[in-house]
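Visitor: Turn this into a structure:
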Amino acid sequence: MRSRKYAALLLSMSMAASVAACSSDGDTAGTTAAGNNNAETKVEQSSGDNASGGQLQQSDSKLGFKTAGKELKIGMDFSEVSDALGEPVSYFEAESCAFQGMDKVYTYADFVIRTFPDGDVEKICSIELKDDIVTTPEGVYIGMTADDVKSAYSDYTINGDENSSMTIVDGGTKLFFVFKDGTVDSITYIVAE
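Guide: Predicted structure coming up:
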């Protein structure tokens, strides 16, 4: 557990540095729910264009994360679920490198949602499950084995193995499992390239 927290801290610090490099004025001061500065992570985004040449649309994928009675999907309007999710534990924003407006990170107790601006709409670009208290709708959580993942997602094509990572791509969503010592160490829904 301690090594996972240390790795997350290092990732947060490196991602915060990338935000500083991306920002036009170098100012990366974000705000938390309590109003303090927060060095939260930022997901590097692709161009945001889909095959049709437009901005990312809500994923037609069957892969999604369910919480607070809502299903969250990649590309959906965050305002459709934000009230149901309640106040995040922390919040961070930075000028987007790829789009006009602000990229935002909402950290809740058990998961993190990252969004990007699409005009006046704030769209979900990633959902990261942080601990074994939350599960995918298929019942997979941090700490399960590769065989558990394969069994839960037997209707999908799974790439990779338990030595490093497994991915499932469906529609515009990639579900990414990272393994450490043979068990799931990280679960993230991201935009499929």
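
Visitor: From here on, just use CA atoms for contacts and neighbour counts.
Guide: Noted.

Visitor: next SSE after the lowest-mean-pLDDT helix or strand in the chain?
Guide: The weakest-scoring helix or strand in the chain, judged by mean pLDDT, DSSP states H and E, is helix 2-22 (a mean of 40). Scanning forward in sequence from helix 2-22, with DSSP states H and E defining helices and strands, the next element found is strand 65-67.

Visitor: partners of that following strand in the sheet?
Guide: Sheet pairing of strand 65-67 (DSSP bridges) gives strand 70-72 (antiparallel).

Visitor: Can you mark which positions in the partner strand are buried?
Guide: Leu72 (16 or more other CA atoms under 10 Å).

Visitor: per-domain residue ranges of the protein.
Guide: The domain map for the chain lists 2-37+56-129, 146-191, with the assignment taken from automatic domain parsing.

Visitor: which residues touch the residue found closest to Thr183 once you drop the neighbours it is linked to in the chain?
Guide: Closest residue to Thr183 apart from its sequence neighbours, by CA to CA, 6 or more residues apart in numbering: Thr145 at 4.5 Å. With contact taken as CA atoms under 8 Å, 6 or more residues apart in numbering, Thr145 is in contact with 162, 182-184.

Visitor: Closest to Asp77 out of these?
Guide: Taking CA to CA as the measure, Val184 is the one of the contacts of Thr145 closest to Asp77, at 28.7 Å.
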